[in-house]
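Participant: need a structure here:
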Amino acid sequence: MNQQELHDKILDLVREYAETYHQPAPYHKGDRIPYASRVYDAEEMTNLVASALEFWLTSGRYTQQFEKGLAEYLGVRHCVVVNSGSSANLLAFMTLTSPLLGDRRIHRGDEIITVAAGFPTTVSPIVNYGAVPVFVDVTIPQYNIDVTKLEAALSEKTKAVMLAHTLGNPFDIQAVKSFCDAHDLWLVEDNCDALGSRYTLDGEERFTGTFGDIGTSSFYPPHHMTMGEGGAVYTDNDLLAKIVRSMRDWGRDCICPPGRDNFCGHRFDRKFGELPLGYDHKYVYSHFGYNLKVTDMQAAIGCAQLKKLPSFTERRRHNFERLHDLLADLGDAFILPEPCENSKPSWFGFLMTCREGVDCVKVVRAIEEKGVQTRRLFAGNLTLHPCFDVLRQEGCGYRIVGGLENTDRILKDTFWIGVYPGMTDEKLDDMAEVVHEAVKMTV
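Facilitator: Next up, the predicted model:
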């Protein structure tokens, strides 16, 4: 048996193994229903093993294939794969601090408008760099930035707006983008919970993550697609893409991919800064960067998942709409979620805010005791968490504009249940029944 025959035999056995031992377990009423889970088949596993057999352990051909495929899917010029969505947010923000951006560069002490109702790693890069997050309240039931507060948040130090599309529901892109354009601000779209969501601006429907200067995604298992750990940064701006790749790859100036020396054709014939003429370009650093690459094995899984992403998106919409219909009669107990105007969300979850007289803690406990997994809206109000104690003690680090009343209500009264593609109609029906029972028991 030659190498190719043995290779093919191994993958045939992997496919057989996956189809035999990795099928979803049959669901029975009363089984635990998670808020999210991986959805995959034999193709992901055979891709993973095929990559392992090549033993190209860092980023390679599968990474390039995935970057090209995701860029084509989103309709953008550049896509850079990284090791997590949090790293994607870090790179997106740090890219805007590059000296290559001249007067538009973000400096320490500059202000970035964002929200406190969300996941911390949308804000962490701002704080860690020494810029100042400026927190604006959100609206309920869209759970995104209250755009009427944007002008009040503006100062002479404002350089950017960095926001997530909450649980797949796009923020008001028209208002936010118009604000950024009017004041020459960068716009970073944290698209980690919204891959596949769409928004119509000026008559053109596009994917979220493509309206701002930079968009980010996460491929952690609960998200819209997975490669285990992983993320991406994408942009139409050639200069920003160059900076993203530099900062992802140690901060080096060279664009040569791993394993391909002198791809640029100028490895030994240029002068950089105070370095001697002809210093090896592979070891010239134009930024203080990181190593945030993925392995090719992760990207191999992503290549298989990317083919399924359109069907995942449609299923998420179906699941959300079915839950909304099933829970519509609970309007006296909950504020049910609503999509942003002009949007077509790829929902990450089904958010509910308890009305006055409904104890969120008791409702959530009752739902969880019946085996239905719930989640809060991440930090709820990030500024109330222990990580902000240090900033308060030092008397610096952030501003709040006009109060965070809705953010505080979300902290106290809001939770969500899942709509991931592995949900069957039977599971959705049973979840809705459990929520109804929880309301009856606790109200």
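
Participant: please make it C-alpha for all contacts and neighbour counts, starting now.
Facilitator: Fine.

Participant: residue boundaries of the helices in this protein?
Facilitator: 3-21, 42-54, 61-74, 85-95, 124-129, 150-153, 173-183, 238-248, 296-326, 360-369, 389-394, 405-413, 425-442 (DSSP state H).

Participant: tell me what the fifth one is packed against?
Facilitator: With contacts defined as 3 or more Cα pairs under 8 Å, 6 or more residues apart in numbering; DSSP states H and E, the packing partners of helix 124-129 are helix 85-95, strand 132-136.

Participant: need the residues that contact that helix.
Facilitator: Residues from elsewhere that reach helix 124-129, judged by Cα atoms under 8 Å, 6 or more residues apart in numbering: 89, 90, 93, 94, 108, 112, 132, 133, 397.

Participant: picking up where we left off before, deepest-packed of the helices and strands packed on helix 124-129, please.
Facilitator: For those, ranked by mean neighbour count under the definition mean count of other Cα atoms under 10 Å, the leader is helix 85-95 at a mean of 27.

Participant: which strands or helices does that helix pack on?
Facilitator: Applying 3+ Cα pairs under 8 Å, 6+ apart, one finds that helix 85-95 contacts helix 124-129, strand 186-190, strand 214-218, strand 231-235, helix 238-248.

Participant: pLDDT on the fourth one, on average?
Facilitator: Computed over strand 231-235, the mean pLDDT rounds to 98.

Participant: to residue 378, which of the helices and strands packed on helix 124-129 lies closest?
Facilitator: helix 85-95 (14.0 Å; Cα to Cα).

Participant: so what touches the closest one?
Facilitator: 82, 121-122, 124-126, 129, 188, 190, 192, 214-220, 230-233, 240, 243-244, 247-248, 292.

Participant: just the helices of the chain: most buried one?
Facilitator: Neighbour counts (mean count of other Cα under 10 Å) averaged over each of those peak at helix 85-95, with a mean of 27.

Participant: got the angle for that helix vs strand 231-235?
Facilitator: Relative orientation of helix 85-95 versus strand 231-235 (axes from the mean of the first three to the mean of the last three Cα atoms, to 10 degrees): 30 degrees.

Participant: between the helices of the chain, which one is nearest to residue 340?
Facilitator: For those, proximity to residue 340 was assessed by Cα to Cα; helix 173-183 is nearest, at 9.3 Å.

Participant: give me the angle between the closest one and strand 186-190.
Facilitator: Our comparison of helix 173-183 with strand 186-190, counting by the same axes, to 10 degrees, yields an angle of 150 degrees.

Participant: using CSV, write out every CA atom in helix 173-183.
Facilitator: This file holds the C-alpha atoms of helix 173-183, laid out as CSV (Å, rounded to 0.1, in the frame of the first residue of the first chain):
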residue,chain,number,x,y,z
ILE,A,173,-25.5,50.8,11.9
GLN,A,174,-27.0,53.7,10.1
ALA,A,175,-26.9,56.0,13.1
VAL,A,176,-23.5,54.8,14.4
LYS,A,177,-21.8,54.9,11.0
SER,A,178,-23.2,58.4,10.3
PHE,A,179,-21.9,59.6,13.6
CYS,A,180,-18.4,58.1,13.0
ASP,A,181,-18.3,59.5,9.5
ALA,A,182,-19.3,63.0,10.7
HIS,A,183,-16.6,63.1,13.3
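
Participant: sounds good, over and out.
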